[in-house]
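Enquirer: got a sequence here, can you build the structure:
(8 chains)
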There are 8 protein chains.
Amino acid sequence: MKAAPRVLLMMGSDTDLPVMQEASDILRTFDVPYEMRISSAHRSPVRTMNLASEAAERGIKIIIAGAGMAAHLAGVVASKTILPVIGVPMPGGALNGVDALYATVQMPAGIPVATMAIGKAGAKNAGLFAVQILALSEPHLAESILRYRADMDKELEQKDAELQTR
Amino acid sequence: MKAAPRVLLMMGSDTDLPVMQEASDILRTFDVPYEMRISSAHRSPVRTMNLASEAAERGIKIIIAGAGMAAHLAGVVASKTILPVIGVPMPGGALNGVDALYATVQMPAGIPVATMAIGKAGAKNAGLFAVQILALSEPHLAESILRYRADMDKELEQKDAELQTR
Amino acid sequence: MKAAPRVLLMMGSDTDLPVMQEASDILRTFDVPYEMRISSAHRSPVRTMNLASEAAERGIKIIIAGAGMAAHLAGVVASKTILPVIGVPMPGGALNGVDALYATVQMPAGIPVATMAIGKAGAKNAGLFAVQILALSEPHLAESILRYRADMDKELEQKDAELQTR
Amino acid sequence: MKAAPRVLLMMGSDTDLPVMQEASDILRTFDVPYEMRISSAHRSPVRTMNLASEAAERGIKIIIAGAGMAAHLAGVVASKTILPVIGVPMPGGALNGVDALYATVQMPAGIPVATMAIGKAGAKNAGLFAVQILALSEPHLAESILRYRADMDKELEQKDAELQTR
Amino acid sequence: MKAAPRVLLMMGSDTDLPVMQEASDILRTFDVPYEMRISSAHRSPVRTMNLASEAAERGIKIIIAGAGMAAHLAGVVASKTILPVIGVPMPGGALNGVDALYATVQMPAGIPVATMAIGKAGAKNAGLFAVQILALSEPHLAESILRYRADMDKELEQKDAELQTR
Amino acid sequence: MKAAPRVLLMMGSDTDLPVMQEASDILRTFDVPYEMRISSAHRSPVRTMNLASEAAERGIKIIIAGAGMAAHLAGVVASKTILPVIGVPMPGGALNGVDALYATVQMPAGIPVATMAIGKAGAKNAGLFAVQILALSEPHLAESILRYRADMDKELEQKDAELQTR
Amino acid sequence: MKAAPRVLLMMGSDTDLPVMQEASDILRTFDVPYEMRISSAHRSPVRTMNLASEAAERGIKIIIAGAGMAAHLAGVVASKTILPVIGVPMPGGALNGVDALYATVQMPAGIPVATMAIGKAGAKNAGLFAVQILALSEPHLAESILRYRADMDKELEQKDAELQTR
Amino acid sequence: MKAAPRVLLMMGSDTDLPVMQEASDILRTFDVPYEMRISSAHRSPVRTMNLASEAAERGIKIIIAGAGMAAHLAGVVASKTILPVIGVPMPGGALNGVDALYATVQMPAGIPVATMAIGKAGAKNAGLFAVQILALSEPHLAESILRYRADMDKELEQKDAELQTR
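Expert: Sure, this is the predicted structure:
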């Protein structure tokens, strides 16, 4: 992780790590340098705000924020930066992430948060969406995504073929 | 409103005013000086934070925060003060306040927000709850609440009596 | 628990104990004397009412009530006292606490219940909110809360630092 | 309404009257004497409890209780009587009666409330269910219900016939 | 179970038995003879209808019907008898009983089903509610219920006392 | 509509007519003879069962059943015929059709109901789905559907073209 | 599976196999030849479209499509064929299939998807519904379904009889 | 709209226009050329796929897709392009957009859709998010966004000031 990070991955608690690693795994797959930080909108508001407001000048292009329950992290971060902010609602708790989904996606007009699915699928897609944004100005990333998608298709095709031989 | 305010009423948008006035009406009923401010967690984060963090030293005792949709206002305020923060979820929007309820009440451990019902009933109760807190150290407020409750009971009794004569 | 209790912790069933102990742990952390009682709104209505109506004269300042399903405990208690009542919806049952949340938070105008998140996070925050109310008139509690919050921030900072070294 | 009431109709607020009249209309249709009372679980808890606990000795056989939002009325009444209690969740409010439904039907084991549909259909059925209970020991009511059902069937048959001629 | 059954317990599948036994346990506790039958609204509609329509003449006073998912059993039974029908929504399935609750409680006007909570608490309360109806004309059952309630209260009181000594 | 009906359209109440006419309009568009009947699963169970069980021998090929709230109509019909049954959940009531959707779609294994969207879109699609089934053995209907779809596409294309000229 | 397939079973992922096998088991029970394919609406859109658009000319009569989360498979398939398409929402994920149910059943007017219950019950019913459609033109299948239903009824009757002897 | 479009705005129906114009208004405010197209995932699948797959080579950088009910448009588009796709769930229908939200946001891993709030707030934020992505490589857009945010803040400040003078 020595290259200057281009994506900032934030999460509200270290318990979110197993989910958020789906995002960092994708970034590593595409060789996109990233930084992963634990900072809570509620328990460490000042550090959270600083991480958000200083991100652009540090060369960060995209921020991914994962949080659970009354998930304010992505919204608070988005209020302090004009970088694209991607939100990942965490599952768990009594409402299993519906609360986090609503608290992330229902942003009022003016400050958008690009929301992904609840949990690991969402975290993985957050990583992919960040790469798709970066690919707009980096053709080699576009090629990598096309290969990645072709591989997904091929993998499904193989599973389909195996199913026919059972 | 010349006396130093003891309750700070915040709302994320001026469209929340008709709901939040239920809270200020109650405070006026009990002669509790208050200040009413419009400040959004997302569109004016700095002013919001400042209002929260400076409240205690200005003599504010309780903060009531009303917001809708991904309602982060109460949580953001609560992260910047140790005064009791009461949250009022606004109705409206496609989910009609369920989003605001979840985003207000499902606070993670460490930073509590005392959440009231969605909409006007919640705003009124926010005002009453603030008075109940103040009444802990001001016996005359306790007496006022007891009278207020007796009046509610009497009003119901009267409506019940009218119903018997129909 | 020999000092006169200042917070009354009530729960509708002994099965709620593992959740409600999050609240009592917090009160112990802040050296706030409390009393913990099992009393159901439905199965022991008279004792419940008496506990509520006699609390103030016994020196109780705040009541925390936890209950599940059609959770009426906090509302019934709030109808018999003007002390601030904090409600904690229990998880569990087929609806896993959404029923308890709605039955606790959606109080009609006139009788407020300060509702916390469903389950352990909510119980912990109920304890913290009680301390925040008491801190309004006890500066040493305010200092303790500030320290507690600084510790939370520091703990997160440490976890964040550890994450950077992995 | 001079005959001794056999059904006690309670509601938490006079705004519930248009819904609850569906129940009283049914009772009048079947010539079952009833009493209709406004009494809130929260704003007039003592009167509510007394109405419930004194009902049996006044000759009341069944209690119908309608309430909205965190609808505790039926549950509170049921805790103070062993008469069958029928609950009617009121529509309205931001959650339009889902809160009232959960707060009425999800009673914990020990104190049952027989819950009907949200709103007017539920109120009407509450009246019919009360009559069905009374009909267990009054054969003339059983005959009336059979006639009532035959009429419903016939009315539908007629509407079906009209549809065929369009 | 040789005495003529007074309560008919129906369930849509033998997998509902562990839940519905909460109801039969209560009936045994109160010495109320019952009959327990498996019959599905969908898979055995004729037998279901016959069980419902012949119940009254066999001396049955109350029918308890438990079913899951699109739970039509209670409604179908209620359409074929004027005996009081109590519905118990089963938990389980992807929606864990919310579907069964809505399909049981939201009966259209004309044919009431007295709905209890989802699952075991609801089944137990269905049994208790049946006993409360029978107690209207059998004073010894009323006395038994009062004792049962006093025992519940005492049991809670004892648990509360134990808690004080910990 | 003198030709022998091939599709039987049933609804639980004449208030469902404005929704269900979307289905009959489609059948008329495709020249498929149908019969439209009002019959309730609860208020006219015998007629409903007879309509279902006699449909096949009358030459009916498909039954469309629309009902609201605890919508049992489609399920009850499906239990009495092996013809394909299409269910249309009605909007309206306090839950606006979520109850009807769950009560229609969540059929237990053994008796399927092909469920469409809540309301008019669902009723229209019920008609189209019936035509698609009939088209399996009637090539001219298949051609009509292809034309119908091409027209939908063309209509959208035209609206898109108009938008470009604004 | 050497006979030309008459039903095409599609699923978005091989993880859906344990659920979808409930459908293929039914088809085998009724001796209806089928083909089972893995193809995702999102990860292999071209193959999915081709499977759908070429199905009819290959002799396929009915397509069953199972998918989870934002379950677009059935809708995408239905847009490319006029064969009857049956959708099965998969359970799992943070919302446990409510998302898949809504994404499958709430099709806009014009392109119907016949939706079954979430999970295994729905997959089994999808198989049965396909057989019921085929039975419209194949009397021997109609007889098989009648026998199948009689067996279900008999099985329940036997379980009911066993219950009586316990 | 003569400049080559950089954002492609798609909607499934012309009835979505009043909502989606919130997005186009924002793009006009920031002088970002766009193209607005009506094309349905279900009723015009081929044109929809072509619009998606040909967008990149036409110079489109971002696609915004708005659709209602079982909203497949954004997902289908995302499966045919590696450009960033932003989804806007439409309100309306019996579920008022919860169905569209789930069908848009709960994308399975591999094909991300950046989801915004239901309705107008979401459409406006979709436009803003597109501008934020473009601003990554166009500094003048970044400045425009900063000014836009400062204006929002100032507007709120002014409303707050007006409130103080009432």
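Enquirer: which ones are touching the closest residue to chain E within chain A?
Expert: The minimum distance from chain A to chain E, using Cβ to the nearest Cβ, falls at A:Asn96 (11.4 Å). Where you see a C-beta, it was placed from the backbone N, CA and C, and this is true even at glycine. For A:Asn96, the contacting residues are A:Ile118, G:Ala94, G:Leu95, by Cβ atoms under 8 Å, 6 or more residues apart in numbering or on different chains.
Enquirer: please spell out the ChimeraX selection for the buried subset of these.
Expert: Restricted to buried positions by 16 or more other Cβ atoms under 10 Å in any protein chain shown, the ChimeraX selection for these reads:
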select /A:118 /G:94,95
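Enquirer: show me the shaky parts of chain A.
Expert: Within chain A, the ranges that satisfy pLDDT under 70 run A:1-2.
Enquirer: secondary structure and distance to chain C added to the contacts of A:Asn96, as JSON lines?
Expert: Formatted as JSON lines, these follow (DSSP: H, G, I helix; E, B strand; the rest coil; distance: Cβ to the nearest Cβ, whole Å):
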{"residue": "A:Ile118", "secondary structure": "coil", "distance to chain C": "16"}
{"residue": "G:Ala94", "secondary structure": "coil", "distance to chain C": "13"}
{"residue": "G:Leu95", "secondary structure": "coil", "distance to chain C": "13"}
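Enquirer: what's around A:Pro108, how many residues?
Expert: 25 (other Cβ atoms under 10 Å in any protein chain shown).
Enquirer: tell me which stretches of chain A form helices.
Expert: Ranges of helices within chain A are A:17-29, A:45-55, A:73-78, A:98-105, A:120-135, A:139-165, based on DSSP state H.
Enquirer: any idea how far stretch A:54-61 is from the middle of the chain?
Expert: Remark: stretch A:54-61 is offset 16 Å from the chain centroid, using Cα atoms, centre = their mean, to the nearest Å.
Enquirer: first to last residue in it, what's the distance?
Expert: Across stretch A:54-61, the terminal residues are separated by 11 Å (Cα to Cα, to the nearest Å).
Enquirer: next: stretch A:58-68.
Expert: End-to-end distance of stretch A:58-68 (Cα to Cα): 27 Å.
Enquirer: what residues sit buried inside that stretch?
Expert: A:Ile60, A:Lys61, A:Ile62, A:Ile63, A:Ile64, A:Ala65, A:Gly66, A:Ala67, A:Gly68.
Enquirer: out of those, the closest to G:Ile145 would be?
Expert: A:Gly68 (47.8 Å; Cβ to Cβ).
Enquirer: got a list of what the residue lying closest to A:Ser144 once chain neighbours are set aside touches?
Expert: Closest residue to A:Ser144 apart from its sequence neighbours, by Cβ to Cβ, 6 or more residues apart in numbering or on different chains: A:Phe30 at 5.5 Å. Residues near A:Phe30 by Cβ under 8 Å, 6+ apart: A:Gly127, A:Val131, A:Leu141, A:Ser144, A:Ile145, A:Tyr148.
Enquirer: the buried residues of stretch A:58-68: which two are farthest apart?
Expert: Greatest spatial distance among those (Cβ to Cβ): A:Lys61 and A:Gly68, at 25.4 Å.
Enquirer: would you mind measuring from the residue of chain A found nearest chain F to chain H?
Expert: Residue of chain A nearest chain F, by Cβ to the nearest Cβ: A:Val98 (14.9 Å). From A:Val98 across to chain H, the span is 10 Å (Cβ to the nearest Cβ, to the nearest Å).
Enquirer: count of residues packed around that residue?
Expert: 22.
Enquirer: for chain D, see how far away it is.
Expert: For A:Val98 relative to chain D (Cβ to the nearest Cβ), the value is 14 Å.
Enquirer: now for that residue: which residues touch it?
Expert: So A:Val98 contacts A:Ile118, B:Tyr102, G:Ala94, G:Leu95 (Cβ under 8 Å, 6+ apart).
Enquirer: quickly note the distance from the residue of chain A closest to chain E to chain B.
Expert: Counting by Cβ to the nearest Cβ, the gap from A:Asn96 to chain B is 11 Å.
Enquirer: so which residues on chain A come close to chain G?
Expert: A:89, A:91, A:96-98, A:117-119, A:121, A:149, A:152-153, A:156-157, A:159-160, A:163 (Cβ under 8 Å from any Cβ of the partner chain).
Enquirer: give the buried subset of the residues you listed as a ChimeraX selection command.
Expert: Buried residues within the residues of chain A next to chain G, by 16+ other Cβ under 10 Å, are selected in ChimeraX with:
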select /A:89,91,96,97,98,117,118,119,121,149,152,153,156,160
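Enquirer: hang on, isn't A:Lys120 packed against A:Val19?
Expert: Yes: counting by Cβ atoms under 8 Å, A:Lys120 does reach A:Val19; the two are 5.5 Å apart.
Enquirer: can you pick out the residue with more neighbours from the two?
Expert: A:Val19 (23 against 19).
Enquirer: which residue, other than its chain neighbours, is closest to the more buried one?
Expert: A:Ala123 (5.1 Å).
Enquirer: got the contact list for that neighbour?
Expert: By Cβ under 8 Å, 6+ apart, the residues touching A:Ala123 are A:Val19, A:Met20, A:Gln21, A:Glu22, A:Ala23, A:Ile64, A:Gly66, A:Val88, A:Met116.
Enquirer: do you know how far the fifth one is from chain D?
Expert: Just to be clear, that refers to A:Ala23. When A:Ala23 is compared with chain D (using Cβ to the nearest Cβ), they lie 35 Å apart.
Enquirer: can you get me a residue count around that residue?
Expert: 29.
Enquirer: what sits against it?
Expert: By Cβ under 8 Å, 6+ apart, the neighbours of A:Ala23 are A:Leu9, A:Ile64, A:Gly66, A:Val88, A:Ala123, A:Lys124, A:Ala126, A:Gly127, A:Ala130.
Enquirer: if we go to 7 Å?
Expert: For A:Ala23, the contacting residues are A:Leu9, A:Ile64, A:Ala123, A:Lys124, A:Ala126, A:Gly127, by Cβ atoms under 7 Å, 6 or more residues apart in numbering or on different chains.
Enquirer: let me know the closest of those to chain C.
Expert: A:Leu9 (10.0 Å).
Enquirer: tell me what that closest one is bridged to.
Expert: Legend: beta-bridge partners of A:Leu9 under DSSP bridges are A:Met36, A:Ile64.
Enquirer: surely it meets A:Tyr34?
Expert: Yes: using Cβ atoms under 7 Å, A:Leu9 is in contact with A:Tyr34, at 5.6 Å.
Enquirer: look up how far A:Val7 lies from the residue nearest to A:Ser144.
Expert: 10 Å (Cβ to Cβ, to the nearest Å).
Enquirer: could you do A:Leu27 as well?
Expert: Distance, A:Leu27 to A:Val7, by Cβ to Cβ: 6 Å.
Enquirer: equivalent analysis for A:Val105, please.
Expert: Going from A:Val105 to A:Val7 by Cβ to Cβ gives 20 Å.
Enquirer: can you redo the contacts of A:Phe30 as CSV with neighbour count?
Expert: Shown next, in CSV, are those (neighbours: other Cβ atoms under 10 Å in any protein chain shown):
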residue, neighbour count
A:Gly127, 31
A:Val131, 27
A:Leu141, 19
A:Ser144, 18
A:Ile145, 16
A:Tyr148, 17
